[in-house]
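Asker: Okay, here's the prediction I keep looking at, along with the sequence it came from:
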Amino acid sequence: MRVITGTARGVRLTTPDGMDTRPTTDKVKEAIFSAIQFELDGARFLDLFAGSGQMGIEALSRGAKNCVFIDSSRVAVKTIQENLQRTKLADRATVLCTDAARYLSTGTEKFDLIFLDPPYHQGIPQRLFSQLKPVLAPGGTVIIETASDETPPEELPFLRFYRQYRYGYILVTVYHREDSEA
């Protein structure tokens, strides 16, 4: 696994040992960043269920202003910190070892882009949707990676379904914030 492009292009990243982390494939990562490429410059990025941190690191490498990485695993947090040092992007990152729902319920920072890659088949995206509103900036984008046999909702009170991409067993769903209230 490597950083695809930007200031850290080509840097190899490590993943936590074991089966708890499922890294996004380079093909899927490239497709996601192609879809949001014009939203990245200067963006505030939130990487929930960050695992190795590869998505937030890719965002930083491509011009995001900063990134907050959230993962409840201490091993994952240590891996993210090591990968940030390796890519020389640590100065624009905050890494927190906490539960995503807990972070969202107490978060006060606003993000332009939020990426969720939770464990598959546990209904986590549906449980977190309402908690995204306070931390998603007006005009912001939410990207969710799920298993292709999961069905994220198309209609949400403040998020407008934009597009879905299917890559084998992976489904990527993109939403845009519809309202303009902060």
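Answerer: The structure has been received and is ready for your questions. Numbers count the residues shown, from 1 in each chain.
Asker: For the residue nearest to the spatial centre of the chain, which residues are in contact?
Answerer: Compute the mean C-alpha point of the chain, and by C-alpha atoms, centre = their mean the closest residue is Phe115, 2.4 Å away. Residues near Phe115 by C-beta atoms under 8 Å, 6 or more residues apart in numbering: 32, 45-48, 55-56, 59, 142-145. Glycine gets a C-beta too; all of them are placed from N, C-alpha and C.
Asker: what about 6 Å?
Answerer: Under the criterion of C-beta atoms under 6 Å, 6 or more residues apart in numbering, the contact partners of Phe115 comprise 47, 55, 143.
Asker: Return the member of these nearest to Cys97.
Answerer: If you rank these by distance to Cys97 using C-beta to C-beta, Asp47 comes first, at 13.4 Å.
Asker: Can you name the residues bridging to that closest one?
Answerer: Phe69, Phe115 (DSSP bridges).
Asker: roughly how far out does stretch 127-144 sit from the chain middle?
Answerer: The chain centroid and the centroid of stretch 127-144 are separated by 11 Å, computed with C-alpha atoms, centre = their mean, to the nearest Å.
Asker: Quote the end-to-end distance of that stretch.
Answerer: Counting by C-alpha to C-alpha, to the nearest Å, the length from the leading to the trailing residue of stretch 127-144 is 13 Å.
Asker: closest to Thr173 among the contacts of Phe115?
Answerer: Nearest to Thr173, judged by C-beta to C-beta, of those is Ile143 at 7.4 Å.
Asker: so the closest one is in which element?
Answerer: In the assignment (DSSP states H and E), Ile143 maps to strand 136-147.
Asker: which residues sit against that strand?
Answerer: So strand 136-147 is contacted by 32, 39, 110, 112-117, 120, 125, 152, 171-177, 180, 182 (C-beta under 6 Å, 6+ apart).
Asker: Name the residues of that strand that are buried.
Answerer: Of the residues in strand 136-147, 136-137, 140-146 count as buried by neighbour count, 16 or more other C-beta atoms under 10 Å.
Asker: Dump these into TSV; add distance to Tyr167 and pLDDT as well.
Answerer: Written out in TSV, the entries for the buried residues of strand 136-147 read as follows (distance: C-beta to C-beta, whole Å; pLDDT from 0 to 100):
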residue	distance to Tyr167	pLDDT
Leu136	25	94
Ala137	28	94
Gly140	24	94
Thr141	19	95
Val142	18	94
Ile143	13	94
Ile144	14	92
Glu145	10	91
Thr146	11	90
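Asker: Return the distance of the residue nearest to the centre of the chain relative to Ala50.
Answerer: Applying C-beta to C-beta, to the nearest Å, one obtains 9 Å for the distance of Phe115 from Ala50.
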